[in-house]
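Engineer: Turn this into a structure:
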Amino acid sequence: MAKLINVFSWSHSAATDFELCRRKRYWSKYGAWGGWERSADPTCKTAYRLNKMTNRFCLYGVAAEDAVMWMLKQHQAGVATTVAEAFDQVARPQLRKAWDESKEKGWRQVAKAACLHEHYYPQFCDLSDREIMDTIADVVKTCLANFQKDVLPRLAGITPDMEIPIAVVGKGDPEHFELEGVKIYAIPDYVYVREGVWHIVDWKSGKAKPEHGEQVALYALWAQIKHGVAPENIQLILEYLQSGERMEFQVSAEDLVMVKERIHESVQDMAQYLQDGDIRGNQPMPKVEWDMCYDPELCRTCSFYELCRPELKEALGPELEH
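Structural biologist: Next comes the predicted model:
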């Protein structure tokens, strides 16, 4: 089997992590690389395992998105469904499996087993297990109810042949395009074409954030570069399933130029932390050169806290964990 090569890539989430904490980018992209190998050193193996960590917010987000897509497919097949059925058929088994793996520390034997931040770093969680489980269930059910009430009617006329297939994480190479020779990951939740207009939808289970607009604008650039879609034929939609809010907007050619410029600037900033600034070689500078986060509060929510803890404790003292 050919040896895997760590190719430089860019995504909206990677750029966000890099801006918040250079060290987090180091651990996720370089420190964790090769951690699946038996010959990897302990730190690399730990980084690889921690890089798989999730939290309750991501957990209920994925469960809600999978369940709404199940509801949509059932609707397209002419099968009426309820919120309870969607929760029991899709969300509940998924949530239970992840919860049990995390609670039983299955990641000790299998690095890819679910590991919740709330279980791994209990000192930073002020909720009981029951409170966490109830919150997750309530959020998912609320998302499904709002989808059924508000979103599904708007998608009533959408058929499978109108949908654009999206390569997702865990099933081969995720959706991407190339810009200036750099692999750009862009993975919309749902895309369909109606009367020549590409509707790019992103489901959100949490609150609205300004960066969500940047995220879906990247998807518009994906449609333009990979599929040749003109900006005026792209409709961007943010569906906030928990609150029932909806944002719909378009982008111009000038907007997409700005997206390209942002990516270019971000790539250039990341390149400064590579040997000789060479993204083709993609060899990181030593770990110590990757600046740590300025805000200890963010460190408490980071998967890699365990690896940074010795330096944080030296700089901030034991009060960091209180």
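Engineer: Can you show me the CA trace of the helix or strand Lys73 falls within as CSV?
Structural biologist: Element membership for Lys73, per DSSP states H and E: helix 56-76. The C-alpha trace of helix 56-76 is given here as CSV (Å, rounded to 0.1, in the frame of the first residue of the first chain):
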residue,chain,number,x,y,z
ARG,A,56,-22.6,17.5,22.6
PHE,A,57,-23.1,20.4,20.2
CYS,A,58,-21.6,18.5,17.3
LEU,A,59,-23.3,15.3,18.4
TYR,A,60,-26.8,16.7,18.2
GLY,A,61,-26.0,18.7,15.1
VAL,A,62,-25.0,15.6,13.1
ALA,A,63,-28.0,13.6,14.5
ALA,A,64,-30.4,16.3,13.6
GLU,A,65,-29.0,16.7,10.1
ASP,A,66,-29.1,12.9,9.4
ALA,A,67,-32.7,12.7,10.7
VAL,A,68,-34.0,15.6,8.6
MET,A,69,-32.4,14.1,5.5
TRP,A,70,-34.2,10.8,6.4
MET,A,71,-37.5,12.7,6.7
LEU,A,72,-36.9,14.3,3.4
LYS,A,73,-36.2,11.0,1.6
GLN,A,74,-39.2,9.4,3.2
HIS,A,75,-41.3,12.3,2.0
GLN,A,76,-39.9,12.0,-1.5
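Engineer: List the neighbours of it that are in contact with it.
Structural biologist: Contacts to helix 56-76, defined as CB atoms under 8 Å, 6 or more residues apart in numbering, come from residues 80-81, 86-87, 89-91, 94-95, 98, 116-118, 132, 135-136, 139-140, 143-144, 147-148, 151-152, 155-156, 158-160, 189-190, 203-206, 241. In this view, the C-beta of every residue, glycine as well, is placed from N, C-alpha and C.
Engineer: How far away from the center of its chain is it?
Structural biologist: In terms of CA atoms, centre = their mean, to the nearest Å, the centre of helix 56-76 is found 15 Å from the chain centre.
Engineer: got it, and stretch 19-31?
Structural biologist: Relative to its parent chain, stretch 19-31 has a centroid offset of 15 Å by CA atoms, centre = their mean.
Engineer: For it, which outside residues touch it?
Structural biologist: Contacts for stretch 19-31 (CB under 8 Å, 6+ apart): 6, 14, 17-18, 43-44, 47, 50-51, 270, 273, 284, 287, 290-293, 298, 302, 304, 307-308.
Engineer: cool, stretch 102-116 as well?
Structural biologist: The set of residues that contact stretch 102-116 without belonging to it, under CB under 8 Å, 6+ apart, is 35-36, 45, 48-50, 52-56, 59, 97-101, 119-120, 129.
Engineer: Could you tell me which of the contacts of helix 56-76 belong to strands?
Structural biologist: Tyr190, Trp203, Lys204 (DSSP state E).
Engineer: Report the buried members of those.
Structural biologist: Among the ones in strands among the contacts of helix 56-76, the ones that count as buried by 16 or more other CB atoms under 10 Å are Tyr190, Trp203, Lys204.
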